[in-house]
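Participant: Next one to model:
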Amino acid sequence: MINDLRNLLATTSFPYPMTNTIEVTGVNLTTAPKTELDYDIDMEVTVSDIAMINDLRNLLATTSFPYPMSNTIEVTGVNLTTVCYPNVCYPNGNGFQCRCEERFALSYDSCVLYTHCDDIIQGTCRCINAIPADGQFCQPQLPPKTELDYDIDIEVTVSDIAMINDLRNLLATTSFPYPMTNAIEVTGVNLTTVCYPNGNGFQCRCDERFALSYDSCVLYTHCDDIIQGTCRCINAIPADGQFCQPQLPPKTELDYDIDIEVTVSDIAMINDLRNLLATTSFPYPMSNTIEVTGVNLTTVCYPNGNGFQCRCDERFALSYDSCVLYTHCDDIIQGTCRCINAIPADGQFCQPQLPPKTELDYDIDIEVTVSDIAMINDLRNLLATTSFPYPMTNAIEVTGVNLTTGKSNRLGIFSSAFLSRYLTEIFIYAVTLEESYSSSCIYQ
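Facilitator: Residues are numbered from 1 along each chain as shown. Next up, the predicted model:
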């Protein structure tokens, strides 16, 4: 517009009447608006003494910027970017090494072309073994790129349901990440939900590895089973836009048994604790991920004369070793007791009482054929000198053997070796019976 104004003034005749009493005798365009021009100037300086580089650094560090050169020119800043000096370690001794100053670096192409002498980090280096012929010296280091991840939900309407399979095939054959521009790439695309007409409404189904939340399953009427708080089919298009989400892996539950010792000043508080536990519902949630499945009061220890006496609560008992070591104060029944006269030093307090073992008794008849009737007496003597019960394994014992009937040459067991075989036959037969019984019965 400045030129337009110049042309207008050049073609206007002066004096120029404004009114009968006012005229403009002349107009001059005197001052053009200031235009600020910024220049980046690269300067190469040759010095005869490498020590002068430090002098230059100190000078720049103590100079205030912007620095006025004249009324119209000022230097806004000076950076020492690159220092190149003879490299006496270079193979032929005639080369140079160039190093970048702080906050400057060389491009990847320069690092490779001129042989980098330090590591290439994030596509840049700070040392090369030559003076760049293209004048591409060290440049300001850019801050590291910040990657931003976005999850974008896209709804696509198709006129033919068969196009869904085409879309699946397209996604299956597309390689990811897929570059959109130099700065944007698509890391993956998932087909999550397919909704299609169903009678007078719609039905939405999740694709593989996706599921709907429990709230959506209930709100929009699920059309398959709810498993672990999710379903994969509903009878409506979610109005809130909450379509299928990635299925989380099943939670891993870890069970811990924690022993807690509580010291009370009043023994009556034990009853209060029993009442509290009796009226508390379990499992008891502590947080979203932790719940207490149960609390048992196992052992109560209280002063008794000069020591302590520990008693087990209902359904708990002490081991036989603890009963003996700490002097039991009630009867030992089936290898356990419920009262000892000390606090166990090893921390082995009362444990849950195991249900009593179920004993099964079998009467087994065995017929034995012998070649010599005199061996019957040997059998009688052997049985008379054998101690019963006779253990066969940890779980099986023979409580007794009776010789009941002799019939001419039929009957008997002979010698210690033969008795051993005889008892072994009983054991095998008993095990067979027990396995047969176990397969058809449930022990509780």
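
Participant: And the contacts of stretch 124-142?
Facilitator: Under the contact criterion C-beta atoms under 8 Å, 6 or more residues apart in numbering, stretch 124-142 has outside partners 42, 79, 81-82, 84, 87, 90, 95-101, 103-108, 110-111, 114-119. (C-beta placed from N, C-alpha, C; glycine too.)

Participant: in that stretch, what's buried?
Facilitator: If you call a residue buried by 16 or more other C-beta atoms under 10 Å, then stretch 124-142 has these buried ones: Thr124, Cys125, Arg126, Cys127, Ile128, Asn129, Ala130, Pro132, Phe137, Cys138.

Participant: out of these, who's nearest Gly188?
Facilitator: Nearest to Gly188 out of the buried residues of stretch 124-142 is Thr124 (C-beta to C-beta; 29.6 Å).

Participant: Let me know the pLDDT of that closest one.
Facilitator: Note for Thr124: predicted pLDDT of 92.

Participant: And stretch 198-212, end to end?
Facilitator: Start and end residues of stretch 198-212 are separated by 19 Å (C-alpha to C-alpha, to the nearest Å).

Participant: avg pLDDT for it?
Facilitator: The predicted model assigns stretch 198-212 a mean pLDDT of 91.

Participant: Kindly report the same for stretch 221-239.
Facilitator: For stretch 221-239, mean pLDDT is 92.

Participant: tell me how far the ends of that stretch are from each other?
Facilitator: Distance across stretch 221-239, first residue to last, is 13 Å (C-alpha to C-alpha).

Participant: any idea what sits nearest Arg189, other than its immediate chain neighbours?
Facilitator: Careful, residue 189 is Val; it's not Arg. Leu171 (5.5 Å; C-beta to C-beta, 6 or more residues apart in numbering).

Participant: thought that neighbour was touching Thr192?
Facilitator: No - with contacts defined as C-beta atoms under 8 Å, Leu171 does not count as touching Thr192, sitting 11.4 Å away.

Participant: Compare those two and say which is more crowded by neighbours.
Facilitator: Neighbour totals were compared for Leu171 and Thr192, and Thr192 leads with 17 against 13 (other C-beta atoms under 10 Å).

Participant: Check that one and give its pLDDT.
Facilitator: pLDDT for Thr192: 93.

Participant: do the same with Asn58
Facilitator: 91.

Participant: try the one 10 residues further on
Facilitator: Looking at Pro68, its pLDDT stands at 91.

Participant: looking at it, it is touching Thr76, isn't it?
Facilitator: No - the criterion here is C-beta under 8 Å, and Pro68 misses it with Thr76 at 10.7 Å.

Participant: Which positions within stretch 365-376 qualify as buried?
Facilitator: By neighbour count on 16+ other C-beta under 10 Å, the buried set for stretch 365-376 is Val368, Val370, Met375, Ile376.

Participant: Can you report the mean pLDDT over the residues of that stretch?
Facilitator: Over the span of stretch 365-376, the pLDDT mean works out to 78.

Participant: first vs last residue of that stretch, how far apart are they?
Facilitator: Using C-alpha to C-alpha, the end-to-end distance of stretch 365-376 comes to 17 Å.

Participant: Same question for stretch 291-301.
Facilitator: With C-alpha to C-alpha as the measure, what separates the two termini of stretch 291-301 is 28 Å.

Participant: where does the residue nearest to Val189 land in three-state SS?
Facilitator: Leu171 carries the three-state label helix when classified by DSSP: H, G, I helix; E, B strand; the rest coil.

Participant: ok, it to Ile161 distance?
Facilitator: Taken as C-beta to C-beta, to the nearest Å, the spacing of Leu171 relative to Ile161 amounts to 17 Å.

Participant: swap in Cys111?
Facilitator: Spatial separation of Cys111 from Ile161 under the definition C-beta to C-beta is 55 Å.

Participant: No more questions from me, cheers.
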